[in-house]
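Engineer: Quick one: sequence plus predicted model below, questions after.
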Amino acid sequence: MERITAKMPRVMIAGVSSGAGKTTITCGILMALVNRGKKVMSFKSGPDYIDPMFHRSIIGTKSSNLDLFLQDKETVKYLLGKHSDCEIGVMEGAMGYYDGSAMDSVEASSYDLSVTTNTPTILVIDCKAMAISAIAILKGFLEFRPDSMIKGVIFNRLHGSLYAPLKAAVEREFEGRIQPLGYLERQDDFVLKSRHLGLVTAAEITDLKENLNKLAERVEETIDLDGLIELAEGAEAISYQKRSIEKVINPVRIAVAKDKAFCFYYEDNLDLLREMGAELIMFSPLTDPCLPAGINGLYLGGGYPELYAKQLEENESMRESIRAALDNGLSCYAECGGYMYLTKAIGKYQMVGHFDTVSFDTGRLCRFGYSTLTANKDTILCKKRDTIHCHEFHHWDTTQNGDAFLSEKKGRKSWEAMHAEGNVLAGFPHLHFYSNTAFAKQFVESCSKTFQ
């Protein structure tokens with residue numbers, strides 16, 4: 001298979017922990033780069049949906065997830081290289097820099113991604129209630145692995161008067177190995193609020209662009225953006241295997257639920273379906289009266305249907321439209337929030353009712369994390385015994401979760417998951433189709449055989 005080498009200036013913004021400020025700093029840097037007229041591409045380490053929404057709001061283009069559990073190393077390099085037509089790529093890390101897919105492992109961590117893609121990393125340290133101790137933290141992160149890839153540091157929530165001595169300490173302690181790239185003071189007027197599945201989504205924040213421009217102005221004032229660009233330009237070329245995507249013969253139109261209630265999609269999933277020949281028709285279960293006409297398939301992604309359950313219930317014509325389409329054989333794939341929408345009810349609110357089960361709030365994370373799915377039967381996405389990696393992240397559960405797959409955590413527990421009833425596959429796991437592209441291909445082929 002042909003290998004392609006592409007020059008792509010890039011850098012990773014990683015944190016010492018969740019909550020260190022990497023998303024705020026990444027957003028500020030992206031906005032500042034865009035305001036300078038740079039052609040920017042953003043990436044997110046791990047399975048997160050919400051951070052890429054902020055990235056897309058800033059740069060006005062797509063953001064790609066790079067995940068070394070959901071994708072193998074060659075696929076990660078391919079997805080990175082595929083988007084190399086930019087002046088600079090900015091990756092945002094996940095959790096703490098070394099935190100991986102298990103408590104005692106760095107596998108699938110931001111560090112693992114940085115090493116795999118040979119991307120220089122800038123570490124963000126939250127300096128609230130500390131001073132020189134930040135240097136000790138930096139030294140620990142730098143020496144934890146000999147190939148740490150950490151080349152720079154940004155201090156978050158640091159008073160401006162403290163930066164000069166900290167910068168001098170970095171230069172003195174690390175003798176040029178680490179580049180101090182500035183700081184950001186506490187941002188009381190730009191706080192990314194959280195809820196049970198992470199940050200509040202970009203679409204829910206008023207005056208987002210205005211606030212991001214204010215943040216970008218502060219980044220220009222206190223962060224060495226020229227130094228960051230220089231560091232990114234020093235990244236080695238990325239080498240990846242070229243891939244050819246096989247298209248289906250017959251035209252396929254797939255309706256994709258896309259609004260505030262259903263907004264968790266991997267952009268690469270949607271792109272892959274398009275590359276396979278599918279035309280994606282976006283619609284809103286919240287506001288549209290019925291499904292789009294002339295469709296061959298339905299894709300219901302995750303999101304926050306529980307927050308909009310009353311409005312979803314009130315849109316009775318849409319619920320009836322979907323129920324009738326599924327009863328008539330329309331192919332449908334639904335994950336997490338999309339699956340909840342197909343149950344009889346979310347809490348006290350009536351939903352589509354395709355599955356004879358109800359969704360209820362457990363008040364805690366259920367089956368959280370990565371696992372591997374093995375099909376117990378043929379489905380519209382795969383054949384029996386086919387496997388794909390997945391991720392679950394939800395507080396809600398249902399009274400019956402299906403038995404189409406066996407879901408197994410590495411070296412830990414297993415359970416049955418997902419409903420596969422004729423033309424419908426639905427459940428809580430989120431799939432990244434680049435974990436096994438045959439799943440996407442079979443879904444498109446299944447859709448090509450149905451019509452609504």
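Structural biologist: Arrived safely. Residues are numbered from 1 along each chain as shown.
Engineer: Poorly predicted segments of the stretch 51-200 of the chain, please.
Structural biologist: 61, 188-200 (pLDDT under 70).
Engineer: hey, where'd the helices end up in it?
Structural biologist: 73-82, 110-117, 133-144, 163-174 (DSSP state H, counting those that start in this stretch).
Engineer: Compute the inter-axis angle for the shortest one and helix 133-144.
Structural biologist: Using axes from the mean of the first three to the mean of the last three Cα atoms, to 10 degrees, the interaxial angle of helix 110-117 with respect to helix 133-144 works out to 50 degrees.
Engineer: Now do helix 110-117 against helix 73-82, angle only.
Structural biologist: Computed with the same axes, to 10 degrees, the direction of helix 110-117 lies at 70 degrees from that of helix 73-82.
Engineer: what does the third one give?
Structural biologist: Our comparison of helix 133-144 with helix 73-82, counting by the same axes, to 10 degrees, yields an angle of 120 degrees.
Engineer: list the helices and strands helix 133-144 packs on?
Structural biologist: If contacts are counted by 3 or more Cβ pairs under 8 Å, 6 or more residues apart in numbering; DSSP states H and E, helix 133-144 sits against strand 121-126, strand 150-156, helix 163-174. Every C-beta, even on glycine, is put in place using the N, C-alpha and C of the backbone.
Engineer: re earlier: which among the helices of the stretch 51-200 of the chain is found nearest to Asp268?
Structural biologist: helix 73-82 (6.1 Å; Cβ to Cβ).
Engineer: I'd like to know which elements that closest one is packed against.
Structural biologist: Using 3+ Cβ pairs under 8 Å, 6+ apart: helix 73-82 touches strand 63-66, helix 110-117, strand 238-241.
Engineer: Show me what the first one is in contact with.
Structural biologist: It refers to strand 63-66. Strand 63-66 is contacted by residues 41-48, 51-53, 55-56, 76, 79-80, 83, 91, 113, 117, 266-268, 432 when judged by Cβ atoms under 8 Å, 6 or more residues apart in numbering.
Engineer: From the chain's centroid, how far away is that strand?
Structural biologist: 6 Å (Cα atoms, centre = their mean, to the nearest Å).
Engineer: Only C-alpha atoms, please: export it in CSV.
Structural biologist: Extracted in CSV, the C-alpha atoms of strand 63-66 (Å, rounded to 0.1, in the frame of the first residue of the first chain):
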residue,chain,number,x,y,z
SER,A,63,-12.3,18.8,14.0
SER,A,64,-11.1,15.2,14.0
ASN,A,65,-10.9,12.8,16.9
LEU,A,66,-7.6,10.8,17.2
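Engineer: And stretch 244-261, end to end?
Structural biologist: This stretch, stretch 244-261, spans 34 Å end to end (Cα to Cα, to the nearest Å).
Engineer: in that stretch, what's buried?
Structural biologist: 252-261 (16 or more other Cβ atoms under 10 Å).
Engineer: Ala108 contacts Asp99, correct?
Structural biologist: No. The pair Ala108 / Asp99 is not scored as a contact, 9.3 Å apart, by Cβ atoms under 8 Å.
Engineer: Same drill for those two, tell me which one is more crowded.
Structural biologist: Ala108 (24 against 20; other Cβ atoms under 10 Å).
Engineer: Quick check on that one: phi, psi?
Structural biologist: Backbone geometry at Ala108, expressed as degrees, to the nearest 10, gives phi 70, psi 20.
Engineer: do the same with Gln350
Structural biologist: Given degrees, to the nearest 10, the pair of backbone angles that Gln350 has is phi -70, psi 140.
Engineer: quick one: pLDDT of it?
Structural biologist: Here the pLDDT value assigned to Gln350 is 98.
Engineer: ok, the closest residue to it other than its chain neighbours - contacts?
Structural biologist: Nearest residue to Gln350, sequence neighbours excluded (Cβ to Cβ, 6 or more residues apart in numbering): Glu313, at 5.0 Å. Residues near Glu313 by Cβ under 8 Å, 6+ apart: 319, 349-351.
Engineer: State the phi and psi torsions of Glu313.
Structural biologist: The phi and psi torsions at Glu313 (degrees, to the nearest 10) take the values phi -60, psi -40.
Engineer: how close does it sit to Arg319?
Structural biologist: Using Cβ to Cβ, to the nearest Å, Glu313 is found at 8 Å from Arg319.
Engineer: coming back round to it: which single one of the contacts of Glu313 is nearest to Tyr240?
Structural biologist: Each of the contacts of Glu313 was scored against Tyr240 by Cβ to Cβ, and Met351 proved nearest at 42.2 Å.
Engineer: Surely that closest one is in contact with Tyr339?
Structural biologist: No. Under the criterion of Cβ under 8 Å, Met351 makes no contact with Tyr339, lying 10.2 Å away.
Engineer: Neighbour count for the two, which is higher?
Structural biologist: Tyr339 (31 against 24).
Engineer: Chain neighbours aside, what residue packs nearest to that one?
Structural biologist: Closest residue to Tyr339 apart from its sequence neighbours, by Cβ to Cβ, 6+ apart: Ala426 at 4.2 Å.
Engineer: go on, Met95?
Structural biologist: The shortest distance from Met95 to any non-neighbouring residue, by Cβ to Cβ, 6+ apart, is to Ser18 (5.1 Å).
Engineer: Asp403: how many residues sit nearby?
Structural biologist: 15.
Engineer: show me what contacts it?
Structural biologist: With contact taken as Cβ under 8 Å, 6+ apart, Asp403 is in contact with 376, 416-418.
Engineer: which among the residues you listed gets closest to Tyr183?
Structural biologist: Closest approach between those and Tyr183, by Cβ to Cβ: Ala417, at 45.2 Å.
Engineer: Please report the distance of Val219 from Gly176.
Structural biologist: For Val219 relative to Gly176 (Cβ to Cβ), the value is 24 Å.
Engineer: So for these two, which sits in the more crowded spot?
Structural biologist: Val219 (25 against 7).
Engineer: and that one, that's in a strand?
Structural biologist: No. Secondary structure of Val219 (DSSP: H, G, I helix; E, B strand; the rest coil): helix, not part of a strand.
Engineer: Check the contact between Leu184 and Arg157; I expect there is one.
Structural biologist: Yes. The criterion here is Cβ under 8 Å, and Leu184 meets it with Arg157 at 7.2 Å.
Engineer: shared neighbours of the two, anything?
Structural biologist: Gly21.
Engineer: Which one of those two is surrounded by more residues?
Structural biologist: Neighbours around Leu184 and Arg157, counted as other Cβ under 10 Å, are more numerous at Leu184. The numbers are 24 against 18.
Engineer: That concludes my questions; thank you for your assistance.
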